[in-house]
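Novice: Only the shape, not the letters, is given here:
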């Protein structure tokens, strides 16, 4: 694994460059997916048996239901983070694309950087302004 050129937070795996934030998110969610359901199950099992006066059926089902919900919360968290990163990447891509195309394609100016339309604040065409200047002389 070598650092990718020009990318401060990325690692190069073959031809793919993976951001360190993405690796961190995958590792933390993987660890949470493995440990959180067990912790929730045993904690709620202990609480249900020792502190709550529940029927035997609810003492069995409550830890199961809560551990399943903890798995669902980890999945939802992972999907939300991935969606937010995808939206941010799309916005960054669109803004970089629009700024690069507007800087290259939309230049109408002369050598000084001003365009003929800059002199036209009322919306009339530049040819009309030139003809009216000639009439005044």
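Specialist: Cool, the structure landed. Note that the coordinates shown come from a computational prediction; the quantities given were computed from them, not determined experimentally.

Novice: Next SSE downstream of the strand or helix carrying residue 32?
Specialist: Per DSSP states H and E, residue 32 falls inside helix 20-50. The C-terminal neighbour of helix 20-50 among helices and strands, as given by DSSP H and E, is helix 56-105.

Novice: Report the angle between that following helix and helix 20-50.
Specialist: Going by axes from the mean of the first three to the mean of the last three CA atoms, to 10 degrees, helix 56-105 is angled at 160 degrees with respect to helix 20-50.

Novice: how about low-confidence regions in this structure?
Specialist: Where the chain drops to pLDDT under 70, the residues are 1-18, 100-137.

Novice: before we move on, the earlier item: and the helix holding residue 32, what's buried?
Specialist: 25, 29, 32, 36, 37, 40, 41, 44, 45, 48 (16 or more other CB atoms under 10 Å). Just so you know, the C-beta spots here come from the backbone N, C-alpha and C atoms, and that holds for glycine as well.

Novice: Report the separation between the fifth one and residue 22.
Specialist: Going from residue 37 to residue 22 by CB to CB, to the nearest Å gives 24 Å.

Novice: Same check on residue 28?
Specialist: Residue 28 is 11 Å from residue 22, where distance means CB to CB.

Novice: helices or strands next to the helix holding residue 32 in the packing?
Specialist: On a contact count with 3 or more CB pairs under 8 Å, 6 or more residues apart in numbering; DSSP states H and E, helix 20-50 meets strand 10-13, helix 56-105.

Novice: before we move on, back to that, what is the nearest of the buried residues of helix 20-50 to residue 90?
Specialist: Of all these, residue 90 sits closest to residue 25, with 17.8 Å by CB to CB.

Novice: how about the nearest residue to that closest one, chain neighbours excluded?
Specialist: Once flanking residues are discounted, residue 25 sits nearest to residue 81: 5.6 Å by CB to CB, 6 or more residues apart in numbering.

Novice: wait, doesn't the one you found sit right on residue 22?
Specialist: No - the criterion here is CB atoms under 8 Å, and residue 81 misses it with residue 22 at 9.3 Å.

Novice: Now do residue 85 against residue 91, distance only.
Specialist: Taking CB to CB as the measure, residue 85 and residue 91 are separated by 11 Å.
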